[in-house]
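prediction below, plus the sequence it came from.
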Amino acid sequence: MKTNALIDFIQDKVRLDAELIETIHSVCHIDSWKKGKLLIRSGKRARHVYLIQKGSARTFYYHDGKEVTSWIYSEGQLVTAWSSFYTGMISSENTELTEDSTVVSISFEQLQLLYKNYPKMQEFGRLMVEEQLVFIDYFYKGFMFMTAKEKYELLLSYFPEVTLRVNLGHIASFLGISQETLSRIRKMPARK
């Protein structure tokens, strides 16, 4: 079946019956794209949410003419411009694949129909949002007060192979430091 990664992702939170699994298969799409593909463009509405089955991605925006990476994603993570996806407003961010990737996508309209017609999907949606809010709350409250080295170590705890798979310039931008500073941090011994 083509969307096993999405089914597995959902079933980590709720049990799905055969009918719902078949319905999810019928409304999802799986695509493979090359590194550099923009899934979401700033100035456009985010109409899909993507699950990275294989590969990685980043979100970024422009500030004073420079690209600023705001998040880095790897396998098993959902990617979209959330405020745009849920409100219908245009996105202020771009989402770019940072490796050749395979993603499973579902449109906003199809997701809403699943929520409407299947209580298990409503439960999944609630659990997913709660999990994301807790993660964002934990990550960003700590992130603001961390040193650059601590930020780098936190990133590695979530995405251990990030430096092998994502451009170091994007990582430095995400951490809010220069590439030179990132190089110095990478040479330091890890904390125990």
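It's in. Residues are numbered from 1 along each chain as shown.

now for Gly176, how many residues are close by?
12 (other CB atoms under 10 Å). For glycine as for every other residue, the C-beta is placed from the backbone atoms N, C-alpha and C.

what's the answer for the one 3 residues further on, then?
As a burial measure, Gln179 scores 14 neighbours (other CB under 10 Å).

surely it and Thr163 touch.
No - using CB atoms under 8 Å as the test, Gln179 is too far from Thr163 to be in contact (11.8 Å).

which residues are in contact with both of these two?
Residues touching both Gln179 and Thr163 (CB atoms under 8 Å, 6 or more residues apart in numbering): none.

next, give phi and psi for the residue nearest to the spatial centre of the chain.
Note on the chain: the residue nearest the mean C-alpha position is Val79, at 3.5 Å, using CA atoms, centre = their mean. When read as degrees, to the nearest 10, the backbone of Val79 gives phi -130, psi 130.

now it: how far from Arg47?
13 Å (CB to CB, to the nearest Å).

what does Gly36 give?
20 Å.

ok, those two, which is more surrounded?
Set side by side, Gly36 and Arg47 show more neighbours around Arg47, with 15 against 10, by other CB under 10 Å.

touching, the more buried one and Gln110? I think so.
No - if you go by CB under 8 Å, Arg47 and Gln110 don't touch, sitting 10.2 Å apart.

go ahead and confirm the residue nearest to the centre of the chain touches Tyr50.
Yes - shown here, Val79 and Tyr50 form a contact pair, counting by CB under 8 Å, at 4.7 Å.

now list whatever residues contact both of these two.
Common neighbours of Val79 and Tyr50 (CB under 8 Å, 6+ apart) are Leu39, Ala57, Thr95, Val103.
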